[in-house]
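K.L.:
Here's a sequence, model it:
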Amino acid sequence: MTNLLLSLFLGKKIDPSQQATRSRIGSFSGTVGIVCNLIVVAMKMALGILTGAFSVIADAMNNLMDAASAVVTLVGFKLAEKPADKDHPYGHARYEYLSGLAVAALIILVGFELLKTSFDKILHPVQIAYTIPLYVVLAVSVGVKFWMFLFNKKLGKMISSSALEATAIDSRNDAITTGAILLSALVGKLSGLAVDGFVSLALSVFIMYSGVQLAKQTISPLLGESASPELKKNILSVLEAEPKVLGYHDLMIHDYGPGQRFGSLHIEMDAQDSPMECHDIIDNLERACLERFNTHIVIHYDPIITDDSELTRLRNVVADILHEQDGRITIHDFRMVRGTDHTNIIFDMVLPSEIMPKRYEIKEMLDAALKELDGNTYYTVIEFDMEGFN
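P.N.:
The predicted structure follows:
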């Protein structure tokens, strides 16, 4: 069904990496969401009023907010399509994240309003007229919402969209919610117990919890979360395939929205290699990351000396001392500046975030160990790096 709709409205050739395609798919999802939700709202509202089932009316209001969420998603994708300009040189793709956050806020609002009303229904229960049309509408609603879950999940996976994934989860929650209402209607019919208000209360908590989880997912990239392990692995695989690259560190990725990722990293190359050759290799690596992973990478070149026996010995000594302190500590960009009476050893030390506050204690320990081995020959000049960038 989803494939048929995609081919009818978007054509057979779909390139998810293009922002225009993302916008069309997002708009398509929003349009389908508006239509389906409004149909479900009309059916539930009519039968909820006729039968006096408040949980059904509340579920209809939830679906009405889903229609509003679909409008927000549609607008978000249209705004994200705007090209980069003078004020926003990185583009406007983060509007897609903002639309996902707006959807989460609407979900939480619906859950809170339902929570308040549910208490009143528990304290003042009403008689519900359980009818076959009520059961049929609820069952149809479950089917529609479950299809919308599969529909948005497939579209979200196709274009790696957190907004569509949020919409898919919301549709799944709606299917569960309506299914619970259908079950409570059957229980109420068979037992005569007034469970409508209690079901509404449970559903309100579930809806609010889902909204909070969705908000966390959409806020995280806006705050500047780390690049995905898969993207890191892909970028590093490009570096490792180049024999001239002897090491790499400080990989930083900045996400300005789907398809708008920018980053930087350092690579180590032999200082004796031709600078022009190294520059050409770096250009090729940057181009490969852009073409294969749609990520703009700027690579900094760190020349390292490979034929200095004292430097090699000292680097191994420092690495061993730090490894005994904590096996997770690593070093890079190691170099020496020789003076008349002492030598400065300059390097970057990579620390896990939890031991970063102890960095100066670790430096003092290292200085003391080096002094014990070689007297006052060496002085350390250290730049401390977070493990998350290395």
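K.L.:
May I have the residues that are in contact with I267?
P.N.:
Contacts here follow Cβ atoms under 8 Å, 6 or more residues apart in numbering; on that basis I267 touches L239, V245, L246, G247, Y248, I282, L285, I299, H300, Y301, D302. Where C-beta positions appear, they are placed from N, C-alpha and C, glycine not excepted.
K.L.:
Specify the beta-bridge partners of it.
P.N.:
I267 forms beta bridges with Y248, Y301, as assigned by DSSP bridges.
K.L.:
which element is the closest residue to A68 other than its chain neighbours on?
P.N.:
Excluding its sequence neighbours, the residue lying closest to A68 (Cβ to Cβ, 6 or more residues apart in numbering) is L106, at 6.1 Å. Following DSSP states H and E, one finds L106 within helix 95-123.
K.L.:
what's the following helix or strand after that helix?
P.N.:
Moving toward the C-terminus from helix 95-123, the first helix or strand encountered (DSSP H and E) is helix 132-159.
K.L.:
Now do that next one against helix 95-123, angle only.
P.N.:
Between the axis of helix 132-159 and that of helix 95-123 there is an angle of 160 degrees, by axes from the mean of the first three to the mean of the last three Cα atoms, to 10 degrees.
K.L.:
what is the mean pLDDT for helix 132-159?
P.N.:
Along helix 132-159, the predicted local confidence has a mean pLDDT of 87.
K.L.:
same for that helix, what does it pack against?
P.N.:
Here helix 132-159 touches helix 2-10, helix 19-51, helix 54-80, helix 162-191, going by 3 or more Cβ pairs under 8 Å, 6 or more residues apart in numbering; DSSP states H and E.
K.L.:
Looking at the ones you listed, which one is packed in the most?
P.N.:
helix 54-80 (a mean of 23; mean count of other Cβ atoms under 10 Å).
K.L.:
What helices and strands are in contact with that one?
P.N.:
Packed on helix 54-80, when contacts are counted by 3+ Cβ pairs under 8 Å, 6+ apart, are helix 19-51, helix 95-123, helix 132-159, helix 162-191, helix 196-223.
K.L.:
follow-up on the earlier one: got the helices and strands packed on helix 132-159 as a markdown table, with mean pLDDT columns?
P.N.:
Putting the helices and strands packed on helix 132-159 into a markdown table (pLDDT from 0 to 100) gives the following:
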| stretch | mean pLDDT |
| --- | --- |
| helix 2-10 | 65 |
| helix 19-51 | 83 |
| helix 54-80 | 78 |
| helix 162-191 | 80 |
